[in-house]
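Engineer: Sequence and computational prediction follow.
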Amino acid sequence: MKLGLSGRLTAAAIASPLTPLFLIAAIAMGLLAVATIPREEEPQISVPMIDIMVRADGLKAPDAVELVAKPLETIVKSVSDVEHVYTQADDDQVLVTARFKVGVDPDNAIIRIHEKIRANFDKIPVGIPEPLIVARGISDVPIVVLNLSPRPGAAGRWNDQALFEIAGKLRDEVAKVDNVGLTFIVGGRPEEIRIEPDPGRLSARGVPLGALIETVRQANRAFPAGGLRDGGKAVEVAAGQTLQTAQQIGLLTVPSANGDPVYVKDVANVVQAPREDQARVWRYARANGGWADAPAVSLAIAKRKGANAVLVSEAILKKVDSLKGALLPANLQVSVARNYGETANDKANELLFHLALATLTIVGLIAFAIGLREALVTAIVIPTTILLTLFASNLMGYTINRVSLFALIFSIGILVDDAIVMIENISRHWAMNDGRSRHQAAIEAVAEVGNPTVVATLTVVAALLPMLFVSGLMGPYMAPIPVNASAAMVFSFFVAVVIAPWLMVRLARKALAAGGGEHAQEGPLGRLYRRVAGPIIATQANAWRFLILVGVATLAACALFATKTVTVKLLPFDNKSELQVVLDMPEGSSLEATQRTLGQIAEAAKALPEVQTAEAYAGTAAPFNFNGLVRHYYLRNRPEMGDLQIELSAKNKRKRASHAIALDLRRRLAAQLALPAGATIKVVEAPPGPPVLATLLAEIYGPDAPTRRAVADQVKTLFKTIPYVVDVDDSRGQPRPRLRMTPVRDRMEYFGLSDREVFDSIAAALGGQRLGYSHRGELRSPIEIAVRLPQSNRTWDQRLASMPVALAKTPQGPRVIELGEVAQVSREDGSPHLFRRDGRDVEMVTGELAGRYEAPIYGMLDVDKAIQRHDWGALSKPVIRLNGQPENETRPTVLWDGEWEITWVTFRDMGAAFGVAILGIYFLVVAQFGSFRLPLVILTPIPLTLVGIVLGHVLLGAPFTATSMIGFIALAGIIVRNSILLVDFIRHAQGAGRPLRDVLLEAGAIRFKPILLTALAAMIGAAVILFDPIFQGLAISLLFGLASSTLLTVLVIPAIYVVLRDDGQRLDA
Amino acid sequence: MPSRPHTQVGRPPVARPLNRVLALGVAVLLSGLSGCGPREPAPQAAPAVGERIQVRIRIIDDQKPVAAVVTPRDMAEARARIGGALVRLNVKAGDTVHRGQVLAVVSDPRIGYETRGYEAQTRAAEAENTRAQSDLTRTRDLFEHGVYAQARLDQVQAAARAADAAVKAARAQRAASAESGAQGAILAPSDGRVLRADVPAGSVVSPGQSVATLTSGPMVLRLEIPEDQSTGLRVGQVIPLDAADLGAATATVIQIYPAVTAGRVVADLTAAGLKADVVGRRVAVRVAVGRRSALLIPTRFIITRFGVDYVRLLARDGQVGDAPVQLAPGPQAGEAEVLSGLASGDVLVAPRATR
């Protein structure tokens, strides 16, 4: 008998003393990998996004685009690997974001941008300062977020300033932990010594604001002044001493117009108080059956790139624990709002648990179906393969995160196949009891199924590898699957041919004496098979009928997609423990209005039983996650912006998944909340896949801004007509109200004032002026000294208009000139936000999908229909594009982007790659069987998996997702393996000139058991993840797809044989 | 500002215990006084009970803080009439004086010397006169006896008259000199208070120099205001004061000076009980120079927690919730202006009324 590759490997290993060493080494390496492989929540997807912020003082948004944005875009676009350039222009500022291709090294990216901009510094327009270049990457996403807030009982003793102080110290402590990356504090207010100028008193005393500022600034100076000789020594001279207290500052004298000495306290209130930041963080927590609210400060801690999130977060929490009672008083509560270390660990442990569960079940299955010893062999072989896979994963630089976990879970089902096939066949050969030695029988058994197994293994690899070629953001999400699963397949083959036979022989040695042979060749399963398959292949007509029936069933199943009985979705939502509600009040809303609306949102959230705590961030943003990173949530710092971060109870303590809670919350908000006109809220869930700006994103291009805006407004109304499109918003927003202060030229000339004096005073009065620090000594943070108007004075009335801005010389002597005398105030609207993508002006309309359909395709189809039906009046009906920016901008165009873009790219790449994969499989099979037609027979069952897959999704009411698709692709590999083994047996048996039907039934009866076993093993692997929200699609695909296709394969292939190569001989029996 | 329909509480009132209705009536009255529209009570099911108001935008005076100076309407200077040394200063700053009272004495020693010189001259003239008279007597006697000719008598008579005139002249000169020494007394020009009397005794003063400044006439508050904001100023206008210790809460404009100096208009205000002892004191006054809209609420509706001001807001479902507000001092005590956080039409519930 020809041994082939597998047979030779088995022959070499079956008696080799190296085999046990190899086994031990494999296990040891695997265990090492389990211990050391970094675990983290988010995949470390490198999508460098470089933000270039340019201040363009005094420029309106359209001017800023022309003067700053367009030249900058050109510069940025010239950098290699820049995929997209987004521009966001507002009055006085421009933000250009360069998005690099996925996988570009972030350090490399920022250096390239820096270099390019530096090389073009000479082109910066007059008056535009140097751009600020900021890169935020995935490693900056905080892995731990700690919330500091007073315990309910101690509410009165804390304010956000004290919390901020402690948070600052806590940050210093946490920074001592190894591998801690960027940390930042959200919320809280630092203490400051604030000199609040009183316009009335300044005016009365004849003190211009500038004199006040200058007095304090100079009084607070301290600097080394040089050296002197003193007592024969050289001493350094220090000049000045910084101011210590508010009282001290209050007693400084300020020169006044008429020369009277005036104390600072006569013209200003000097207070030591928290800075009046326009941002607030508030925490709502359950307490004594009710809800308590208190100020909070969030400390967000990221880890360094490549560090193990589990270890870092554990170390951070240990550090925090050790500080309790010392830095952290008992009445201060430190709650962990985010712990990616823990969640990552939970997920990894869940994976290991699933692996163990699946292994045990499969072992049980083998024990039941083949025998106890074979089960024991399986129990050793499966973990070895998994451990080796983990080792390989670690070696290839993959971490365990929610994406690579998917790959490993996915592998469970398929990596046991080779071993089962080998063990079953060895066991079957031994049972023949035909006088061969155990060794010989085992080697021959392996050799018999060896070649088809090699081909089958390669087939699975070939089916999976296309996923490696998905480009765009989805690429890194897909990559671990082909890599890890392929590695698992390859390892499983070697383990199956090297270790499994060796173990079989070792364990079966005792059994030799007992004697085998009682096993019937085919067993009860084989008999069952004969009974079912017999009638089908009895006549060619029967076979035809059966094949047509199966074909129709497959088509019928696929039709369920068209009828929307099975909905599609890119990726389902994970069951997270957090939700976010992002609030955008109309531009110009005050912090209080934002906080008030957030409070109302919190009220709605509190009614949900699963909600444990919630933090309201008004005027600032919650520590960002990967989604927030892509959506630039960390730049949200205007008073009208806010978000509510909701923490849910632990997964095992609630019945509903986070997505269901999000839907409920959204429904409640829609019913209860009366938002001010122009305000929008979005219920944001962490997307399981790549984050996008919005799930449903229509980009509107057109010849000019009015057309674009008109079309955008129409499209926005159309979005709102579709019931399952929610959170509709646009990129333009409301015009931001402004107050413009213009100097009155003739007055200024009359008084002999310069613009500079007036503008400096306006800037100092309204913008505030930081004068320096009051030093406090060791371990105490220096306190900033600043001249600032208190919030309670910040309204344009006669009081503020009395602010003296300058001294004028008059014939009657010097006198102060008030702001109201020389400045004219007018109210105006700011420009709308301007967006540009890749050099084209664009208006965006965004929406999310919730409820009936959750994939953008449905929303798009319905919006497209609505666009067609809509009466566009004077506007021309926009052209709808599915991808690529329009070449012709003279016609209004709606381009679908967002999740659709990713879906499109993913399926385009995957489809093309899958085609190549099928071709590859075809080549493999041609190489194996030396026939061109036979591979077609083998490939036929692939579509048959769809019957089960679709029905499975219908049964469980689950959407068909990318994970389902991956399951489908993987099934192609698995099914082809069964087909190959079956066809291989048929061909071997055919050689003897036996009647075809006899051969078919015998091959089917013999192969039915291992096919069923491998299918069951894979199904068991799938079943353990059936209730995982993300992997459900995969589980359904594998479970139902395998069930249907396995059963159909063993019937369809004989039927095809009968149809194609009927030899006309009836069955004997 | 857009009104929000959901904050309108338009439910019909339901029966309540009498005392509660009464309390509510008082509350309504109070809120009516504070200028906000009273609202009807919510149904019994609502947890919020007690005083409530609906906030409304009101048009209030836009008040400009201006410093007024307490000053007498006129000022009198006690000046030295002669140059010389200030030998005595009888008053100090703050003293009340009456018209004609000697405030200080200036003396010039040179006048004494001069007077004495004139005295001597007088005496010399008198001696000469005596001699001339006796000469005349003798000459007349001799003439009568025919010793001397008529011509001789006439000559002696003229000499005697000249000597007599010389005596009168010398006396007059002496008297004038003495009178000039008496001009050193500085008298109070009017009733009033001494504002300044800061020339130390012994110092030399020149004629016309001021030795003391006295108030004159009633006390006024004088303010200067940029010319374009002065248009709102009227004689008789009542202006609130920010000085509690002055004993007056308001002042009335009594005069607006027509001249604009250095871009400013000067106006005088009078207030009851302005005392002269605070002359020169700056008093903050708030002059209404226009009108603006504002949201005002009584301060009793404000709760402060963790350093943040809140008001208790009635939601449309009858529940109360806290809303943060940014406040500024209101135009009157007990009132606060809401800069942001509330909209016109919101209904507030007094904090004590709930829990």
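Structural biologist: Now that the structure is in, tell me what you want to look at. Since this is a predicted model, take the numbers as computed values, not measurements. Numbering: from 1, shown residues only, chains lettered A, B, ... in the order given.
Engineer: tell me which parts of the stretch 251-355 of chain B are close to chain A?
Structural biologist: By CB under 8 Å from any CB of the partner chain, the residues of the stretch 251-355 of chain B that approach chain A are B:261-264, B:282, B:284, B:289-290, B:292, B:305-308, B:313, B:315-317, B:319, B:321-329, B:337, B:339-343. For glycine as for every other residue, the C-beta is placed from the backbone atoms N, C-alpha and C.
Engineer: end to end, how far does stretch A:303-310 reach?
Structural biologist: End-to-end distance for stretch A:303-310, by CA to CA, to the nearest Å: 10 Å.
Engineer: Which residues does it contact?
Structural biologist: A:38-41, A:44, A:139, A:143, A:179-181, A:312-313, A:340-342, A:344-345, A:348, A:399 (CB atoms under 8 Å, 6 or more residues apart in numbering or on different chains).
Engineer: Restricted to strands, list these.
Structural biologist: Counted as lying in strands by DSSP state E, out of the contacts of stretch A:303-310, are A:180-181.
Engineer: thinking again about what came up before, so how do I select the buried members of the residues of the stretch 251-355 of chain B next to chain A in PyMOL?
Structural biologist: Typed into PyMOL, the line below selects the buried ones among these, using 16 or more other CB atoms under 10 Å in any protein chain shown:
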select buried, chain B and resi 262+263+264+282+284+289+306+308+313+315+321+322+323+324+325+326+327+328+337+339+340+341+342+343
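Engineer: Show me which residues of the stretch 51-200 of chain A sit near chain B.
Structural biologist: Contact residues (CB under 8 Å from any CB) of the stretch 51-200 of chain A with chain B: A:155, A:158-161, A:198-200.
Engineer: right, and out of the residues you listed, which lies closest to A:Ala686?
Structural biologist: Nearest to A:Ala686 among these: A:Asp160, at 27.3 Å, using CB to CB.
Engineer: and the closest one, how far is that from B:Gln326?
Structural biologist: When distance is defined by CB to CB, to the nearest Å, A:Asp160 is 16 Å away from B:Gln326.
Engineer: swap in B:His98?
Structural biologist: On the measure of CB to CB, B:His98 and B:Gln326 end up 57 Å apart.
Engineer: List the residue ranges of the stretch 251-355 of chain B that fall below the pLDDT cut-off.
Structural biologist: Within the stretch 251-355 of chain B, the stretches with pLDDT under 70 are B:275-277, B:352-355.
Engineer: now the strands: where do they sit in it?
Structural biologist: B:264-270, B:282-298, B:302-305, B:308-314, B:320-324, B:326-329, B:335-340, B:347-349 (DSSP state E, counting those that start in this stretch).
Engineer: now the stretch 101-250 of chain B
Structural biologist: With DSSP E, counting those that start in this stretch as the criterion, the stretch 101-250 of chain B has strands spanning B:102-107, B:185-187, B:192-196, B:204-205, B:210-226, B:238-240, B:250-261.
Engineer: The first one - which strands sit beside it in the sheet, and in what orientation?
Structural biologist: Neighbouring strands of strand B:102-107 in its sheet, by DSSP bridges, are strand B:84-89 (antiparallel), strand B:185-187 (antiparallel).
Engineer: can you list contacts of it?
Structural biologist: Strand B:102-107 is touched from outside by B:78, B:80-91, B:97, B:181, B:184-188, B:194, B:197, B:199, B:201, B:205, B:211-212, with contacts defined as CB under 8 Å, 6+ apart.
Engineer: rerun that using 6 Å as the cut-off
Structural biologist: The contact list for strand B:102-107, computed with CB atoms under 6 Å, 6 or more residues apart in numbering or on different chains, reads B:78, B:80, B:82, B:84-91, B:184-188, B:205, B:211-212.
Engineer: Just the buried subset of these, written out for ChimeraX, thanks.
Structural biologist: This is the ChimeraX syntax for the buried subset of these, where burial follows 16+ other CB under 10 Å:
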select /B:78,80,82,84,85,86,88,89,90,91,184,185,186,188,205,211,212
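Engineer: which non-adjacent residue is nearest the residue of the stretch 151-300 of chain B found nearest chain A?
Structural biologist: The nearest approach of the stretch 151-300 of chain B to chain A comes at B:Ala262, 3.4 Å away (CB to the nearest CB). What sits nearest to B:Ala262 in space, not counting adjacent residues and going by CB to CB, 6 or more residues apart in numbering or on different chains, is A:Thr810, at 3.4 Å.
Engineer: about what we covered before: closest one to A:Ile412 among the strands of the stretch 101-250 of chain B?
Structural biologist: Of the strands of the stretch 101-250 of chain B, nearest to A:Ile412 by CB to CB is strand B:238-240, at 82.3 Å.
Engineer: So which of the contacts of stretch A:303-310 are in helices?
Structural biologist: A:312-313, A:340-342, A:344-345, A:348 (DSSP state H).
Engineer: Distance to chain B and pLDDT for the residues you listed - can I get that in a markdown table?
Structural biologist: Compiled in a markdown table, these are given as follows (distance: CB to the nearest CB, whole Å; pLDDT from 0 to 100):
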| residue | distance to chain B | pLDDT |
| --- | --- | --- |
| A:Val312 | 32 | 91 |
| A:Ser313 | 30 | 90 |
| A:Tyr340 | 30 | 86 |
| A:Gly341 | 31 | 85 |
| A:Glu342 | 30 | 86 |
| A:Ala344 | 35 | 83 |
| A:Asn345 | 36 | 84 |
| A:Ala348 | 40 | 79 |
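Engineer: out of these, who has the most neighbours?
Structural biologist: A:Ser313 (28 neighbours; other CB atoms under 10 Å in any protein chain shown).
Engineer: Spit out the contact partners of it.
Structural biologist: By CB under 6 Å, 6+ apart, the neighbours of A:Ser313 are A:143-144, A:339, A:341.
Engineer: now what about stretch A:700-716, what contacts it?
Structural biologist: A:698, A:730, A:840, A:842-843, A:845, A:875, A:878, A:886, A:889-890, A:892-894.
Engineer: Show me what counts as buried in that stretch.
Structural biologist: By neighbour count on 16+ other CB under 10 Å, the buried set for stretch A:700-716 is A:700-702, A:707-716.
Engineer: any chance of these in a markdown table, with secondary structure and distance to B:Asp242 too?
Structural biologist: Compiled in a markdown table, these are given as follows (DSSP: H, G, I helix; E, B strand; the rest coil; distance: CB to CB, whole Å):
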| residue | secondary structure | distance to B:Asp242 |
| --- | --- | --- |
| A:Ile700 | strand | 57 |
| A:Tyr701 | strand | 60 |
| A:Gly702 | coil | 59 |
| A:Thr707 | helix | 57 |
| A:Arg708 | helix | 55 |
| A:Arg709 | helix | 51 |
| A:Ala710 | helix | 54 |
| A:Val711 | helix | 57 |
| A:Ala712 | helix | 53 |
| A:Asp713 | helix | 52 |
| A:Gln714 | helix | 57 |
| A:Val715 | helix | 57 |
| A:Lys716 | helix | 52 |
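Engineer: Just give me the closest of those to B:Arg116.
Structural biologist: B:Arg116 lies nearest to A:Arg709 out of the buried residues of stretch A:700-716, by CB to CB, at 105.3 Å.
Engineer: Distance check, that closest one against A:Arg836.
Structural biologist: In terms of CB to CB, A:Arg709 sits 14 Å off from A:Arg836.
Engineer: Show me what the longest strand belonging to chain B is packed up against.
Structural biologist: In chain B, taking DSSP E as the definition, the longest strand is strand B:57-79. With contacts taken as 3 or more CB pairs under 6 Å, 6 or more residues apart in numbering or on different chains; DSSP states H and E, strand B:57-79 sits against helix A:798-801, strand B:210-226, strand B:282-298.
Engineer: Pipe those into CSV and attach distance to A:Leu882 per row.
Structural biologist: Shown next, in CSV, are the helices and strands packed on strand B:57-79 (distance: least, CB to CB, whole Å):
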stretch, distance to A:Leu882
helix A:798-801, 54
strand B:210-226, 65
strand B:282-298, 51
